[in-house]
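Colleague: the sequence and its predicted three-dimensional model are supplied below.
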Amino acid sequence: MSRIGKMPIAVPAGVTVTIAENNKVTVKGPKGQLERVLPKEMNIKLENNEIIVTRPNDLKQMKSLHGLTRTLINNMVVGVTEGYAKVLEINGVGYRASKKGKELTLHLGYSHPVIMNDPDGVESVVDDKASPATITVKGIDKEKVGQYAAEIRSKRAPEPYKGKGLKYSYEVIRRKEGKTGKK
């Protein structure tokens with residue numbers, strides 16, 4: 001049995017979960033609503049404020065889908081109650097970010113500013129006062145938050161010599177030694 005898949009998902013107060021035909025799961029909560037069509041092979045049941053996911057047999061594909069399905073539903077429940085956030089730090093002289101409406105403008109040492117628009121359901125917040133400056137990406141859909149944060153980071157990934165660039169707050173940059181003089 002899948003260790004993750006067999007764990008029940010507790011549905012907190014204020015959250016409604018509906019399971020329609022073809023395993024279309026809709027989760028509504030205080031922060032919003034998420035919908036997702038999950039693999040139709042999995043059996044998803046809502047029993048006394050708990051969601052239980054079971055698999056039909058022990059084939060390898062069913063085992064992997066079992067844990068995945070349970071995790072996707074759990075991410076939806078957590079998203080509509082607490083939400084998700086990723087924090088990026090800006091390191092480098094002259095590197096900065098600004099926000100105007102839904103438009104995020106990044107100055108990352110290129111000859112031009114990099115302009116990005118926040119996708120639907122995701123919001124970015126710039127904090128210039130912090131040292132180093134930070135960009136916080138927030139939303140209820142874990143997948144969208146992670147994807148947008150990765151797209152922002154890809155505009156100038158941190159380099160290993162001085163550590164300049166955009167990095168996640170928890171990320172550790174392995175530094176390299178620079179050139180050495182002749183001996």
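Modeller: Arrived safely, thanks for sending. Note that the coordinates shown come from a computational prediction; the quantities given were computed from them, not determined experimentally.

Colleague: now the helices for this structure?
Modeller: Listed in chain order, the helices of the chain (DSSP state H) span 60-81, 142-154.

Colleague: buried residues, the shortest one. List them.
Modeller: Just to be clear, that refers to helix 142-154. 142, 144-145, 148-149, 152-153 (16 or more other C-beta atoms under 10 Å). In this view, the C-beta of every residue, glycine as well, is placed from N, C-alpha and C.

Colleague: got it, and stretch 131-142?
Modeller: 133-135, 137-142.

Colleague: ok, so of these, who is nearest Val37?
Modeller: Nearest to Val37 among the buried residues of stretch 131-142 is Asp141, at 14.4 Å by C-beta to C-beta.

Colleague: list the contacts for the closest one?
Modeller: Residues near Asp141 by C-beta atoms under 8 Å, 6 or more residues apart in numbering: 34, 79, 84, 121-122.

Colleague: most surrounded residue in the residues you listed?
Modeller: When neighbours are taken as other C-beta atoms under 10 Å, the top entry among the contacts of Asp141 is Gly79 (24 neighbours).

Colleague: ok, Lys179 - how many residues close by?
Modeller: 5.

Colleague: what's it sitting at in phi/psi?
Modeller: Dihedral pair for Lys179: phi -60, psi 150, per degrees, to the nearest 10.

Colleague: ok, now Lys129?
Modeller: Torsion angles at Lys129 (phi, psi; degrees, to the nearest 10) stand at phi -70, psi -30.

Colleague: pretty sure Leu136 contacts Ser124?
Modeller: Leu isn't right for residue 136; it's Thr. Yes - in this structure Thr136 lies within contact range of Ser124 using C-beta atoms under 8 Å: 6.9 Å.

Colleague: quick one on the thing from earlier: closest to Ala20 out of the helices of the chain?
Modeller: When the helices of the chain are ranked by proximity to Ala20 (C-beta to C-beta), helix 60-81 comes first, at 13.6 Å.

Colleague: what residue ranges in this protein score low on pLDDT?
Modeller: Along the chain, segments meeting pLDDT under 70 span 1-2, 183.

Colleague: what segments of it are strands?
Modeller: Using DSSP state E, the strands of the chain run over 9-10, 16-20, 24-29, 32-37, 43-47, 50-54, 84-91, 96-100, 103-107, 114-117, 122-127, 133-139, 165-168.

Colleague: partners of the first one in the sheet?
Modeller: The one in question is strand 9-10. Next to strand 9-10 in the sheet, as set by DSSP bridges, lie strand 50-54 (antiparallel).

Colleague: relative orientation of the strand it pairs with and strand 43-47 in degrees?
Modeller: 160 degrees (axes from the mean of the first three to the mean of the last three C-alpha atoms, to 10 degrees).
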